[in-house]
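S.K.: got a predicted structure here, sequence first:
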Amino acid sequence: MFIQQQKLKKCVLIGHSMGAKAAMTVALQSPESVSALIPVDNAPLNATLKNANKILEDYEESLPIRQFLLTNLVRSDDEHKTLKFRVPLSVIGDSLDNMADFPFSESDGVQYDGPTLFGRGTKSKYATDATIPAIKRFFPNAQIADVEAGHWLISEKPEDFRQVNHHPNFRSINSIANNMI
């Protein structure tokens, strides 16, 4: 794991969307490596392809999606310097069924008891009130912080997101993060 390879002792993990699922997975698999967890706009659930497609339909024409796609474009090494996707679309297409998976089920009984702050966009469909029971089962010390934004809350409302992460109610996470700097 990257944390051990870099000889890090305890980390504050923050991840957005699929990165949130990755951060949650690390916290559940190796809690001794994580001092605090900040998943942003995702929940510890498996989402079906049908649900993922419904969510994506709402964002298909949006600027953030276009920006995301643009960040995955690179110039080819040949003399034509054409643009291509960093991750081939065929790979993404072949992986769609598994993209929304979460490697744990609630019946596994695994938990991360450290300080956890779930940031979520109030206009997003990923971390809704319906996901809070699952969040609490996996992360019993989780606190929920809402930002008036969609799924891309960090880029839509960066100052609001920063303020949520420095709110006095989340002192345990802030003190851990400040002591690591």
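M.R.: All right, it came through fine.
S.K.: what's the spacing between residue 117 and residue 105?
M.R.: Distance, residue 117 to residue 105, using C-beta to C-beta, to the nearest Å: 23 Å. All C-beta spots, glycine's among them, are computed from the backbone N, C-alpha and C.
S.K.: looking at these two, which is more packed in?
M.R.: When neighbours are counted by other C-beta atoms under 10 Å, residue 117 comes out ahead of the other of residue 117 and residue 105, with 25 against 13.
S.K.: show me this structure divided up by domain.
M.R.: 2-47+102-180, 57-99 (automatic domain parsing).
S.K.: which of those comes out lowest on mean pLDDT?
M.R.: Ranked by mean pLDDT, the domains of the chain bottom out at domain 57-99, with a mean of 61.
S.K.: how about the strands in this structure?
M.R.: Ranges of strands in the chain, per DSSP state E, are 11-16, 34-40, 73-75, 83-85, 116-121, 142-147.
S.K.: what residues sit buried inside stretch 118-130?
M.R.: Residues of stretch 118-130 classed as buried by neighbour count (16 or more other C-beta atoms under 10 Å): 118, 119, 120, 121, 124, 125, 126, 127.
S.K.: and the end-to-end length of that stretch?
M.R.: Chord length of stretch 118-130, first to last residue, is 14 Å (C-alpha to C-alpha, to the nearest Å).
S.K.: residues contacting residue 44?
M.R.: 21, 24, 102, 104, 134, 135, 138, 139 (C-beta atoms under 8 Å, 6 or more residues apart in numbering).
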